[in-house]
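Trainee: Next come a sequence and a model predicted from it.
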Amino acid sequence: MMKFDKENLEIYKEKTKVFLVTSFKKTKVFSLEFSKNAKAFVIKWTKAQTWSDYFIPENPAEHPRLVRFLFLTLTVVLIAIGLIFIISFTVVRIAIPTVRVPSVSKIDITEAIAILQSNNLKTRFEIAYDESHPKYQVIKQHPAPGSSVREGREVNLIISLGEDQYIVPELCQLSREEAITLLDSKRIPYSIQVIPVGDDELNKVVAMNHPIGAIVPRDNILAITITDAILKNQYKMDDFIRQPLEFAANTLFNNRINPIIITTNIDTLADDGIVLEQSVVVDDILMKNTSVILTVGLYAYNQGDREKMNWHVFNFTIPRVEGYQRQVIITNEDGTLEDASIGEHQTAKYYTAVLEDELGRTRTIYEREGAEGSSFIRIFKAFGKAKVYVYANDEVIGSKSYGQ
């Protein structure tokens, strides 16, 4: 043990004093240095230039550190998200049992519902007209059969309503307005033929092209005949706006009115071939063999087609053949063939109408065997100058040019 005498005590005090003074100086220097560094840190990181340097590698020493830091942070965040997803999915899988979706396609809807409900699945329906599937049969389902889904999941079913049809209503003796209102309410497509009133009542339906109660496909137009105060050589203008050009052209030609087609470029495919304007006001009286201008929408895929493509109407009557009668051949019991035709006959000809456009492309727009004396109307879209040739077998019997 150290013995503190008076001399040693003085030495110890001196050493302690020196130690305290030295420590105070060091602490003061450290505090000043820390304060200086902290102030510099705050000034540095409150400047936009500092952050710019970290993202733009003007400072090679600092930029790699930032990249490593950001990459590490992103990795940690992604791992955390993945763990949360796995945990959540596992909890859901444990909490809600799963089931395999059974196949219910091509079976009746009532049976399909029973099968899905027995598997703890719900159903939701959409309807569609489809003549290839019987009425109330499942056309398609989603999710697909065999898919693993949670119990209580909705399965979407598309149900067939069969062929889109309508039942011909009783229209005779209804007024024009009453008939149109009824047809519109039942979504029945129709055309109107106007005849002179004669002995019938004015503005009444007097005939239809289908019998009452007939079940007709919805794409088959119901033609009704209505009396009006017009003469036999007159035609009362129909409303063709928003109607297909084919319907308008057939109606006009059948009433001996010549349609003149003007095309206008449109941006939607739904308006392609649709009448957008007509030169004659609805219900105006026209004399037969006059003309009506129809403005028709034309959709094209590129600028070249927009400049050169046009809609056209081709109307042709196949000439009658004197003494024509279709040849009838029958097979006798002994296997021999016998001509059963009566009177003069000749072999039926095969008639075709072939379209050729400016680019030399050809397309058959009509073909039929033995159509002597009949007329046909065809609507077509052609590029630039076009020509339609009508053939009887391989012989040209008529033609018409367009865009010349």
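Mentor: Thanks, I have the structure now. Here the structure is a predicted model, which means the values were calculated and not measured.

Trainee: Tell me the secondary structure at F253.
Mentor: Under DSSP: H, G, I helix; E, B strand; the rest coil, the three-state class of F253 is helix.

Trainee: thinking it is in contact with I377, fair?
Mentor: Yes: counting by CB atoms under 8 Å, a contact exists between F253 and I377, whose distance comes to 5.6 Å. From N, CA and C alone the C-beta is placed, and that goes for glycine too.

Trainee: which neighbours do these two share?
Mentor: Taking CB atoms under 8 Å, 6 or more residues apart in numbering as the contact criterion, the residues that touch both F253 and I377 are N315.

Trainee: ok, and what's touching stretch 274-293?
Mentor: Stretch 274-293 is contacted from outside by 230, 233-245, 248, 252, 255-260, 262, 264, 266, 294-297, using CB under 8 Å, 6+ apart.

Trainee: Pull up the distance across that stretch, start to finish.
Mentor: When the termini of stretch 274-293 are compared using CA to CA, to the nearest Å, they are 13 Å apart.

Trainee: Likewise for stretch 190-204?
Mentor: 15 Å.

Trainee: ok, residues contacting that stretch?
Mentor: Residues from elsewhere that reach stretch 190-204 (CB under 8 Å, 6+ apart): 172-176, 180, 183, 206, 221-232, 235-236, 238, 247, 251, 254-255.

Trainee: ok, of those, which come out buried?
Mentor: Of the members of these, the ones counted as buried by neighbours, 16 or more other CB atoms under 10 Å, are 174, 176, 180, 183, 206, 221-228, 235-236, 238, 247, 251, 255.

Trainee: Helices - which of these land there?
Mentor: Secondary structure of the buried ones among the contacts of stretch 190-204 is defined by DSSP state H; positions in helices are 176, 180, 183, 247, 251.

Trainee: Now pLDDT and distance to G373 too, for these, in a markdown table please.
Mentor: Compiled in a markdown table, those are given as follows (pLDDT from 0 to 100; distance: CB to CB, whole Å):
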| residue | pLDDT | distance to G373 |
| --- | --- | --- |
| R176 | 85 | 33 |
| I180 | 87 | 34 |
| L183 | 88 | 33 |
| F247 | 87 | 24 |
| T251 | 87 | 21 |
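
Trainee: Would you convert these into a markdown table that also reports distance to E369?
Mentor: Rendered in a markdown table, the data for those read as follows (distance: CB to CB, whole Å):
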| residue | distance to E369 |
| --- | --- |
| R176 | 40 |
| I180 | 39 |
| L183 | 36 |
| F247 | 26 |
| T251 | 27 |
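
Trainee: which among these gets closest to T123?
Mentor: L183 (34.9 Å; CB to CB).

Trainee: By neighbour count, which bits of stretch 287-298 are buried? Give me those.
Mentor: Across stretch 287-298, burial judged by 16+ other CB under 10 Å covers 292, 294-298.

Trainee: out of those, which are inside strands?
Mentor: Using DSSP state E, the members of those that fall within strands are 292, 294-298.

Trainee: Taking the buried residues of stretch 287-298, tell me the two that lie furthest apart.
Mentor: The two members of these with the most space between them (CB to CB) are V292 and L298, at 18.4 Å.

Trainee: Pretty sure R218 sits against K186.
Mentor: No: contact criterion CB under 8 Å: R218 and K186 do not qualify, at 10.0 Å.

Trainee: Need the overlap of contacts for the two.
Mentor: Between them, R218 and K186 have Y166 as joint contacts when contacts are counted by CB under 8 Å, 6+ apart.

Trainee: the strands in the stretch 301-404 of the chain, which residues?
Mentor: Secondary structure of the stretch 301-404 of the chain by DSSP state E, counting those that start in this stretch: the strands cover 309-317, 329-331, 337-339, 350-356, 362-369, 375-383, 386-392, 395-402.

Trainee: For Y366, grab the count of nearby residues.
Mentor: In terms of burial, Y366 registers 19 neighbours under the definition other CB atoms under 10 Å.

Trainee: mind checking pLDDT for it?
Mentor: You'll see Y366 listed with a pLDDT of 89.

Trainee: Now for it: which residues touch it?
Mentor: Taking CB under 8 Å, 6+ apart as the contact definition, Y366 lies against 351-353, 376, 378, 390.
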